[in-house]
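Asker: no FASTA, just this:
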């Protein structure tokens, strides 16, 4: 779980973390490190978002973030 107060603030923080992970070059020898961090981020997000109440604005922000994560 997370200590951030709202889903919006959580997703903003995770977006920054995703941007940092994407700076890791997708070429060997860094490929496994990047993949591991992306898988860990995806798992953490899936576990953490369940603890937040969801409204329409947060829903679209969550979908946008999940799309960014999928494209990564």
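Answerer: Structure's in. What do you need? Fair warning: this is a prediction, and the values are worked out from it, not measured in the lab.

Asker: Now residue 57: which helix or strand?
Answerer: In this structure, residue 57 sits in helix 56-71 according to DSSP states H and E.

Asker: What residues of that helix count as buried?
Answerer: When neighbours are counted by 16 or more other CB atoms under 10 Å, the buried residues of helix 56-71 are found to be 58, 61-62, 65, 69. Every residue, glycine included, has its C-beta placed from N, CA and C.

Asker: For it, name the packing helices and strands.
Answerer: helix 7-21, helix 31-48 (3 or more CB pairs under 8 Å, 6 or more residues apart in numbering; DSSP states H and E).

Asker: Show which residues not belonging to the last one make contact with it.
Answerer: If you take CB atoms under 8 Å, 6 or more residues apart in numbering as the criterion, helix 31-48 is touched by 1-2, 10, 14, 17-18, 21-22, 24-26, 65-66, 69, 72.

Asker: Give me the distance from it to the chain's centre.
Answerer: Once both centres are worked out by CA atoms, centre = their mean, to the nearest Å, helix 31-48 turns out to sit 8 Å from its chain's centre.

Asker: quick one: average pLDDT of that helix?
Answerer: Along helix 31-48, the predicted confidence averages to a pLDDT of 94.

Asker: List the buried residues of it.
Answerer: When burial is assessed from 16+ other CB under 10 Å, helix 31-48 yields the following buried residues: 34, 37-38, 41-42, 45, 48.

Asker: between those, which is closest to residue 6?
Answerer: Taking CB to CB as the measure, residue 6 lies nearest residue 48 of those, at 12.0 Å.

Asker: What separation is there between the closest one and residue 2?
Answerer: Noted for residue 48: a distance of 5 Å to residue 2, by CB to CB, to the nearest Å.

Asker: Between the two, which contacts overlap?
Answerer: With the criterion set as CB under 8 Å, 6+ apart, the overlap between the contacts of residue 48 and residue 2 is residue 10.

Asker: could the helices and strands packed on helix 56-71 go into a markdown table alongside distance to residue 54?
Answerer: Formatted as a markdown table, these follow (distance: least, CB to CB, whole Å):
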| stretch | distance to residue 54 |
| --- | --- |
| helix 7-21 | 7 |
| helix 31-48 | 13 |
